[in-house]
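Chemist: Dropping the sequence and predicted coords here.
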Amino acid sequence: TILLKDVVARESIRNVSFLENLVAYLVDNTGSLFSAQNISKYLKSQQINIPTQTILNYLRALCNSYFVYKIQRADVQGMKIFEIGEKYYFEDLGLHNAIRHFDFRKDINKLIENAVCIDLLRYGYEVHVGKNGNKEIDFIASKNDHRIYIQVAYMLSDEVTAQREFGNLLEVPDNYPKYLVTMDEMQSGGNYQGIKQISMRDFLLAEDKENIR
């Protein structure tokens, strides 16, 4: 109903079936780098001919209705904005989970990343996905000349995971606050070489994101 009223009718969408398939694709690939051109190529391989511009128009319609948010990538040094390879996150995780049955093992990381992104947007931050060489930072959040860097992980289950998540933040060459947000309540408030590990609960409840204790 929301798709039909807020997107299809408002934006005069003609190919409703493709719009539904596109939304399902966004659900399956929440938090993954997105390329309309690659989707168009994939559809052609399946004998479905949808122009790249149509995909972009439908994505824009979904964003205009606040069904999803488009988060572009930015270079950590200089904040150059990249025009391709953006990510999409859902405004409402209830809608996200209604479209696809929630699978804890497959979806928990995507959902907590989505929740952190929406929380930052609601607090008025300008949010980008960070690119630092060949490394990725989940989020760069900027507001009033302040900036924070955030990595999101369900749990630090082993040393390899910890080294990856903390390591990406350690390579950022500035002194803005850096957080690793996890679902591990026991480790909340811990510090690793200046990077704070914060529980999801504490992060979402904090009004001052630059000074979470």
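Modeler: Thanks, I have it. Residues are numbered from 1 along each chain as shown.
Chemist: Could you give the average pLDDT over stretch 178-196?
Modeler: Average pLDDT, stretch 178-196: 85.
Chemist: Any idea how far that stretch is from the middle of the chain?
Modeler: 20 Å (C-alpha atoms, centre = their mean, to the nearest Å).
Chemist: what's around residue 209, how many residues?
Modeler: 20 (other C-beta atoms under 10 Å). C-beta here means a position set from N, CA and C on the backbone, and glycine is covered the same way.
Chemist: Contacts only, for it.
Modeler: Shown in contact with residue 209 (C-beta atoms under 8 Å, 6 or more residues apart in numbering): 120, 123, 125, 141, 148, 203.
Chemist: Next up, the contacts around the closest residue to the fourth one other than its chain neighbours.
Modeler: If I follow you right, that is residue 141. Leaving aside its sequence neighbours, residue 141 sits nearest to residue 125 (C-beta to C-beta, 6 or more residues apart in numbering; 4.0 Å). By C-beta under 8 Å, 6+ apart, the contact list for residue 125 reads 141, 142, 143, 209.
Chemist: Among those residues, which lie within strands?
Modeler: Counted as lying in strands by DSSP state E, out of the contacts of residue 125, are 141, 142, 143.
Chemist: Serialize those to CSV and add fields for distance to residue 196, neighbour count and pLDDT.
Modeler: CSV is the format used below for the ones in strands among the contacts of residue 125 (distance: C-beta to C-beta, whole Å; neighbours: other C-beta atoms under 10 Å; pLDDT from 0 to 100):
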residue, distance to residue 196, neighbour count, pLDDT
141, 14, 26, 96
142, 18, 16, 95
143, 18, 15, 92
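Chemist: re earlier: distance to residue 50 added to the contacts of residue 125, as JSON lines?
Modeler: As requested, those are exported to JSON lines (distance: C-beta to C-beta, whole Å):
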{"residue": "141", "distance to residue 50": "34"}
{"residue": "142", "distance to residue 50": "35"}
{"residue": "143", "distance to residue 50": "37"}
{"residue": "209", "distance to residue 50": "39"}
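Chemist: so is the residue lying farthest from the centre of the chain in a helix, a strand, or just coil?
Modeler: No residue in the chain sits farther from the centre than residue 47, which is 30.1 Å out by C-alpha atoms, centre = their mean. Under DSSP: H, G, I helix; E, B strand; the rest coil, the three-state class of residue 47 is coil.
Chemist: distance of it from residue 13?
Modeler: 22 Å (C-beta to C-beta, to the nearest Å).
Chemist: Residue 142 too?
Modeler: 33 Å.
Chemist: related to what we said a few turns ago, among the contacts of residue 125, which one lies nearest to residue 188?
Modeler: Nearest to residue 188 among those: residue 209, at 14.9 Å, using C-beta to C-beta.
Chemist: And the pLDDT at that closest one?
Modeler: 85.
Chemist: Repeat that for residue 114.
Modeler: We have a pLDDT of 96 for residue 114.
Chemist: ok, longest helix in the chain?
Modeler: helix 104-122 (DSSP state H).
Chemist: Take that helix, keep the C-alpha atoms, and write them as CSV.
Modeler: Provided in CSV are the C-alpha atoms of helix 104-122 (Å, rounded to 0.1, in the frame of the first residue of the first chain):
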residue,chain,number,x,y,z
PHE,A,104,19.0,-13.5,12.0
ARG,A,105,22.3,-15.1,10.8
LYS,A,106,22.2,-13.4,7.3
ASP,A,107,20.5,-10.1,8.2
ILE,A,108,21.6,-8.9,11.7
ASN,A,109,24.7,-7.0,10.5
LYS,A,110,22.7,-5.3,7.8
LEU,A,111,19.9,-4.3,10.1
ILE,A,112,22.1,-2.8,12.9
GLU,A,113,24.1,-0.9,10.2
ASN,A,114,20.7,0.4,8.8
ALA,A,115,19.6,1.4,12.3
VAL,A,116,22.8,3.3,13.0
CYS,A,117,22.5,5.2,9.7
ILE,A,118,18.9,6.2,10.3
ASP,A,119,19.8,7.3,13.8
LEU,A,120,22.5,9.6,12.5
LEU,A,121,20.2,11.1,9.9
ARG,A,122,17.5,11.8,12.5
